[in-house]
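> Predicted structure and sequence below. I'll ask about it afterward.
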Protein chains: 2
Amino acid sequence: MESVKEKLLNSSSSVDQTLDVLLKLDERPERRIIEAMRYSCLGGGKRIRPFLILESSSLFGVDAQAALRVAAAIEMVHCYSLIHDDLPAMDNDDLRRGKATCHKQFDEATAILAGDALLTKAFEVLSETITDASGEVRSELVLALARAAGHKGMVGGQMIDLLSESQPLELEEISYLQRLKTGALIECAVESGAILGRAPEFEKRKLGAYAFEVGLAFQITDDLLDVEGEEAQVGKKTGKDKDAGKATFVSILGAEKARNQALFHCQKAIEELEVFGDRASILRDLAKFIVTRSS
Amino acid sequence: MESVKEKLLNSSSSVDQTLDVLLKLDERPERRIIEAMRYSCLGGGKRIRPFLILESSSLFGVDAQAALRVAAAIEMVHCYSLIHDDLPAMDNDDLRRGKATCHKQFDEATAILAGDALLTKAFEVLSETITDASGEVRSELVLALARAAGHKGMVGGQMIDLLSESQPLELEEISYLQRLKTGALIECAVESGAILGRAPEFEKRKLGAYAFEVGLAFQITDDLLDVEGEEAQVGKKTGKDKDAGKATFVSILGAEKARNQALFHCQKAIEELEVFGDRASILRDLAKFIVTRSS
């Protein structure tokens, strides 16, 4: 397990380097927006989505530079969603990844624009010819990300999450919400690796099933950390769901059943990888890491 | 000139039909977000950007259905930018296109998410195979839109615009701001028509030059309408620039010089179209319409 942590750290620093190049500071009048984009993107986060792309694409021998660009693009989308979710009109958070949220560090208008710009930049990166020589592949990457991030994916999930504050959800509704809010982008990360790798349909489906299980395991663990984690360790405010009166996997199932559920999804994720044999050992370890992490 | 107005109205209704299909309401739990997207996209606006795509692509005999999809995508990006610009943290506007702004009609959180979702949906529409059979073309459309809408384009322009409230700009800086804030998307609209039409490089450049001039003429006229227009006619709050202490083409040049400048850019735009002969007569008329419109 130690090795996955190390590998995450290593890939995280490669992703940072790629983001640093893609979000280059210059002296234009609009410099402030790049500062805000960099502030929220660089030097923080577990970088689990980028890692999923790097590892799923490496199953098919994809060039690491191309995979890193796609990884950076998906991380931009993840970071944009955090910036907007943290806004006063949404979750109204002051702390993210152990530092001030974007609108606290800059201001609300800049934070809204920085989020918009990161989302847009992600599609720019994917569609540049240097990402992949095939226009079909680039276009497929764009489509997968747009579907995962849009109103039938991540943004739709955030909409339901906001609505759930006035009307607590049932277990099935929470599963649906989480599939959209966090699952879709996690699934997109794994799928993007397979797209870059021109994976056969059968293997794409297996990776998709893995990503689905990992997404659920990830979210249940997040709910557990919100209840049981220390703020300093988790790097963001904890106890938020309870304060907001939101139903979660933990509030409905209780901590013990939720933990078992997370382990169950972790196990199912691992089983989906059988077809890849030893090549997928890091993806297996990652599934285990996701349910045992402390932040 | 009457005929351009009629043509704008006709194409506007085709664009509305396309948007209506692309933003289909359903009974999912996240339904509210689609309602907000539709509220801000359907049934309003001059639809000048979509018209530019339809007309520039028709120079090259592009299928109208494909052009309408691209037109709808760019209109989604325009509408998202209006939703976010109207937010309390930005321009804090209550009125848009003659009705309540999105955050007034729904709420701030929903408006932020509806903007995010429209931006994302635009890239989904462009990258779907039905838009164009060639992955290269779809990818090129995505790249053009992402560059035009991102931090070096529209969003960057909005950033400068916000910063200019504390430090009024010089004429040259205003030109730069407007090129980013409104020019980039107008240029992208014309360019997208050329991309769909596989236009030769020389004709692409001519259309690009036309779009650049039209963008400036459009913005100067907008500034004039902000000073001289009636709120009910213009469909949004007027006198905003002065109230915000912003320098504009009009505040620096005075109304008469600004009007002459708009006519000058209109004339230059028309000259750029010479290579297309009579085929471009509607684009010529559009340039004239843009500087004589009253809303």
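Yep, it's here.
> How about the residue nearest the centre of chain A: what's its closest non-neighbour residue?
Among the residues of chain A, the one closest to the centroid is residue A:49, at 4.6 Å (C-alpha atoms, centre = their mean). Once flanking residues are discounted, residue A:49 sits nearest to residue A:189: 4.3 Å by C-beta to C-beta, 6 or more residues apart in numbering or on different chains. Bear in mind the C-beta positions are built from the backbone N, C-alpha and C, glycine included.
> now do residue A:252
residue A:171 (5.2 Å).
> in the helix or strand encompassing residue A:216, what counts as buried?
Assigning secondary structure by DSSP states H and E places residue A:216 in helix A:201-228. Neighbour counts over helix A:201-228 (16 or more other C-beta atoms under 10 Å in any protein chain shown) mark A:203-204, A:206-207, A:209-227 as buried.
> just stretch A:160-167 next, same as before
For stretch A:160-167, the neighbour count (16+ other C-beta under 10 Å) marks A:160-164 as buried.
> returning to that earlier point: now do the helix or strand hosting the residue nearest to residue A:49 against helix A:201-228, angle only.
Assessed by DSSP H and E, residue A:189 sits inside helix A:184-196. Put simply, helix A:184-196 runs at 150 degrees to helix A:201-228, going by axes from the mean of the first three to the mean of the last three C-alpha atoms, to 10 degrees.
> next one: helix A:184-196 to chain centre, how far?
Offset of helix A:184-196 from its chain centre (C-alpha atoms, centre = their mean, to the nearest Å): 11 Å.
> Correct me if wrong: residue A:210 contacts residue A:272.
Yes - with contact defined as C-beta atoms under 8 Å, residue A:210 reaches residue A:272; the gap is 4.2 Å.
> Beyond the one helix or strand in chain A whose mean pLDDT sits lowest, next helix or strand please.
Between all helices and strands in chain A, the lowest mean by mean pLDDT, DSSP states H and E belongs to helix A:231-234, at a mean of 61. For helix A:231-234, the following helix or strand on the C-terminal side (DSSP H and E) is helix A:240-243.
> If you count contacts, what does that next one end up packed against?
helix A:201-228, helix A:249-253 (3 or more C-beta pairs under 8 Å, 6 or more residues apart in numbering or on different chains; DSSP states H and E).
> If we use 7 Å, what do you get?
With contacts taken as 3 or more C-beta pairs under 7 Å, 6 or more residues apart in numbering or on different chains; DSSP states H and E, helix A:240-243 sits against helix A:201-228.
> sorry, back to before: report the backbone C-alpha coordinates of the helix holding residue A:189 in PDB.
Extracted C-alpha coordinates of helix A:184-196, given in PDB (Å, rounded to 0.1, in the frame of the first residue of the first chain):
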ATOM      1  CA  ALA A 184     -19.200  10.700 -13.400                       C
ATOM      2  CA  LEU A 185     -15.800  12.400 -13.400                       C
ATOM      3  CA  ILE A 186     -14.000   9.500 -11.800                       C
ATOM      4  CA  GLU A 187     -15.600   7.200 -14.500                       C
ATOM      5  CA  CYS A 188     -14.600   9.800 -17.100                       C
ATOM      6  CA  ALA A 189     -11.000   9.700 -15.900                       C
ATOM      7  CA  VAL A 190     -10.700   5.900 -16.300                       C
ATOM      8  CA  GLU A 191     -12.600   6.000 -19.600                       C
ATOM      9  CA  SER A 192     -10.300   8.700 -21.000                       C
ATOM     10  CA  GLY A 193      -7.300   6.500 -20.400                       C
ATOM     11  CA  ALA A 194      -9.100   3.800 -22.400                       C
ATOM     12  CA  ILE A 195      -9.900   6.300 -25.200                       C
ATOM     13  CA  LEU A 196      -6.300   7.400 -25.400                       C
END
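> tell me the average confidence for that helix?
Averaged across helix A:184-196, the pLDDT comes to 98.
> Give me the residues contacting it.
With contact meaning C-beta atoms under 7 Å, 6 or more residues apart in numbering or on different chains, helix A:184-196 is reached by A:49, A:52-53, A:56-57, A:62, A:66-67, A:70, A:74, A:77-78, A:132, A:137, A:140-141, A:144-145, A:148-149, A:153-154, A:203-204, A:207-208, A:210-212, A:214-215, A:218.
> Name the residues of the stretch 1-150 of chain A found near chain B, please.
A:29-30, A:32-34, A:37, A:84, A:87, A:89-90, A:108-109, A:112-113, A:116-117, A:119-121, A:123-124, A:127-128, A:134-136, A:138-139, A:142-143, A:146-147, A:149-150 (C-beta under 7 Å from any C-beta of the partner chain).
> Out of these, which end up buried?
A:29-30, A:32-34, A:37, A:84, A:87, A:89-90, A:108-109, A:112-113, A:116-117, A:119-121, A:123-124, A:127-128, A:135-136, A:138-139, A:142-143, A:146-147, A:149-150.
> Among those, which ones are in helices?
A:32-34, A:37, A:84, A:108-109, A:112-113, A:116-117, A:119-121, A:123-124, A:127, A:135-136, A:138-139, A:142-143, A:146-147, A:149 (DSSP state H).
> that older thread, element containing the residue nearest to the centre of chain A, please.
helix A:48-58.
> Run through the residues that contact residue A:244.
residue A:165.
> Give me the local confidence score for it.
Looking at residue A:244, its pLDDT reads 72.
> do the same with the one 10 residues further on
In this prediction, residue A:254 carries a pLDDT score of 92.
> What of residue A:229?
So residue A:229 comes in at 69 (pLDDT).
> Show which residues not belonging to stretch A:58-65 make contact with it.
A:196-199, A:276, A:279-280.
> The nearest residue to residue A:16 once chain neighbours are set aside and residue A:172, how far apart?
Excluding the flanking residues, the one nearest residue A:16 by C-beta to C-beta, 6+ apart is residue A:42, at 5.8 Å. Residue A:42 sits 38 Å away from residue A:172, going by C-beta to C-beta, to the nearest Å.
> Neighbour count: those two, which is higher?
residue A:42 (16 against 8; other C-beta atoms under 10 Å in any protein chain shown).
> got a list of what the more buried one touches?
Residues in contact with residue A:42 (C-beta under 7 Å, 6+ apart) are A:16, A:19-20.
> Got the phi and psi for it?
phi -90, psi 150 (degrees, to the nearest 10).
> Residue A:187 - how many residues pack around it?
Neighbours of residue A:187 using other C-beta under 10 Å come to 24.
> quick one: contacts of whichever strand or helix holds residue A:6?
When secondary structure is defined by DSSP H and E, residue A:6 falls within helix A:2-22. Helix A:2-22 is contacted from outside by A:41-43, A:46-47, A:50-51, A:54, A:68-69, A:71-72, A:75, A:125, A:282, A:285-286, A:289, using C-beta under 7 Å, 6+ apart.
> And stretch A:259-269, by the same measure?
Residues contacting stretch A:259-269 (C-beta under 7 Å, 6+ apart): A:210, A:213-214, A:216-217, A:220-221, A:224, A:249, A:253, A:287-288, A:290-291.
> can you put those in a markdown table and add distance to chain B?
Formatted as a markdown table, the contacts of stretch A:259-269 follow (distance: C-beta to the nearest C-beta, whole Å):
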| residue | distance to chain B |
| --- | --- |
| A:210 | 24 |
| A:213 | 22 |
| A:214 | 23 |
| A:216 | 18 |
| A:217 | 23 |
| A:220 | 20 |
| A:221 | 24 |
| A:224 | 24 |
| A:249 | 17 |
| A:253 | 20 |
| A:287 | 28 |
| A:288 | 32 |
| A:290 | 26 |
| A:291 | 27 |
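> Need these in a markdown table (columns: distance to residue B:239).
Shown next, in a markdown table, are these (distance: C-beta to C-beta, whole Å):
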| residue | distance to residue B:239 |
| --- | --- |
| A:210 | 58 |
| A:213 | 57 |
| A:214 | 54 |
| A:216 | 53 |
| A:217 | 56 |
| A:220 | 54 |
| A:221 | 54 |
| A:224 | 54 |
| A:249 | 52 |
| A:253 | 57 |
| A:287 | 59 |
| A:288 | 62 |
| A:290 | 55 |
| A:291 | 58 |
